[in-house]
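Trainee: predicted model and sequence below, questions to follow.
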Amino acid sequence: MTGAEGTALPPDRSITPLMLDHLRGTRPWLRFLSILGFATSGLLAILAVGVVVLSGSSGELGLVYGLFMAILYLFMAVVYVFPSWMLYQAADALLHLERTGELSWMALSLGHQRRFWRTVGILAIVMLCLYAVALLIGAGVLMLGLLAGH
């Protein structure tokens with residue numbers, strides 16, 4: 001079996017230093033993206049509070065809209081926390097791998113990354129479905145508008 005760079009997989013299927021080096025190289029990016037996700041979650045939570053405070057002076061309709069948006073922002077904040085936590089755990093496991101050299105930390109990191117990608121994939125499918133529903137609703141409203149105009 002040949003790898004991406006034309007190097008053969010060792011006959012004993014062991015982990016090579018190059019494999020470990022590539023994996024270790026992902027740690028700073030995992031940490032950065034996890035912290036970025038946590039910061040985004042925090043900003044969304046602050047935004048939710050701000051929307052409620054500002055919409056309180058806009059009358060009843062403004063308050064209802066503000067509460068709806070606040071709930072949406074809080075939901076998004078919670079959604080961002082889970083993948084961010086998975087990336088943080090993966091980076092943490094790679095740090096332990098670097099310090100100890102124990103391959104069990106590599107397996108743990110890869111498990112966290114697998115869960116991250118599964119979660120992101122599910123979120124992408126959900127978003128595509130929401131886009132399709134929004135497109136259908138938009139097309140329906142457009143059709144009703146065109147029909148009402150005649």
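Mentor: That came through fine.
Trainee: quick one: low-confidence parts of the chain?
Mentor: Within the chain, the stretches with pLDDT under 70 are 1-11, 150.
Trainee: so which residues of it form helices?
Mentor: Using DSSP state H, the helices assigned to the chain run over residues 17-24, 27-55, 59-100, 103-149.
Trainee: tell me the angle the third one makes with helix 17-24.
Mentor: Angle, helix 59-100 to helix 17-24, by axes from the mean of the first three to the mean of the last three CA atoms, to 10 degrees: 150 degrees.
Trainee: and the helices of the chain as JSON lines, adding mean neighbour count?
Mentor: The way it works is simple: take the backbone N, C-alpha and C, and place the C-beta from them, glycine included. Shown next, in JSON lines, are these (neighbours: other CB atoms under 10 Å):
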{"stretch": "helix 17-24", "mean neighbour count": "13"}
{"stretch": "helix 27-55", "mean neighbour count": "16"}
{"stretch": "helix 59-100", "mean neighbour count": "16"}
{"stretch": "helix 103-149", "mean neighbour count": "12"}
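Trainee: ok, the residue lying closest to residue 85 once chain neighbours are set aside to residue 75 distance?
Mentor: Nearest non-adjacent residue to residue 85, counting by CB to CB, 6 or more residues apart in numbering: residue 34, 7.3 Å away. Note on residue 34: its distance to residue 75, by CB to CB, to the nearest Å, is 20 Å.
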